[in-house]
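Novice: quick one, fold the following:
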Amino acid sequence: MQYFLGIDIGTYESKGVLTDKDGFVLASATHPHKMLIPEPGWAEHRPEEDWWNDFVTITKTILKSSQINPKNISCIATSAIGPCMLPVSPQGEPLMNAVLYGVDTRAEKEINELNEEIGKENILQSCGNALTSQSVGPKILWLKKNCIVLRFTKKLAKFCPRRPILSKN
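Specialist: So this is what the prediction gives:
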């Protein structure tokens, strides 16, 4: 028998479902987590505690309640909130909390600066969208200006829109 596992990492909770090849739901689970507000206008998640832990907890809960052999899961699909900004090391380890999508407005100043410097019309023509609190670019610029620890570290390898949870060992 083939089974399919789907997990969605959301803003306030994560959800998972196990189905058979016909789409019949065999088990489902949810796991809540908090959205952190460390400063006014900021919104963050803890990638390890919120994203990875939710993925593991939901998977274990679903496997226990369905009592299927995990070897019979032929596909795992994930979805997650986004776009988020998560600086990671060369090994893919998070270097700070993830900055959430549009609910985090810490980069409003950077949005205004970029609109002034480049021009709203030029940005819209080039990107197909206006800069908003959903945009990751201004958040990366905010980080460059304001996060001294990351600015001068050799640990920063790239920015991920969310934790690449399936690459975890």
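
Novice: drop to CA atoms for contacts and neighbour counts, all remaining ones
Specialist: Noted.

Novice: do you know how far Gly6 is from Leu100?
Specialist: 22 Å (Cα to Cα, to the nearest Å).

Novice: out of those two, which sits in the more crowded spot?
Specialist: More neighbours sit around Leu100 than around the other of Gly6 and Leu100, counting by other Cα atoms under 10 Å; the figures are 27 against 18.

Novice: residues contacting the more buried one?
Specialist: For Leu100, the residues meeting the contact criterion (Cα atoms under 8 Å, 6 or more residues apart in numbering) are 43-45, 81-85.

Novice: least confident of the residues you listed?
Specialist: Least confident by pLDDT among those: that is Gly82, with 82.

Novice: any low-confidence regions in the protein?
Specialist: Scanning the chain for pLDDT under 70 picks out 148-154, 162-169.

Novice: and the strands in it?
Specialist: Here the chain has its strands, by DSSP state E, at 3-9, 13-20, 25-32, 44-45, 73-80, 86-88, 98-99, 158-160.

Novice: give me the contact list for the third one.
Specialist: I take that to be strand 25-32. Outside strand 25-32, the residues within contact range by Cα under 8 Å, 6+ apart are 12-20, 54, 57-58, 61-62, 65-66.

Novice: farthest-apart pair in the residues you listed, please.
Specialist: Every pair in the contacts of strand 25-32 was compared (Cα to Cα); the two farthest apart turn out to be Tyr12 and Asp20, at 27.3 Å.
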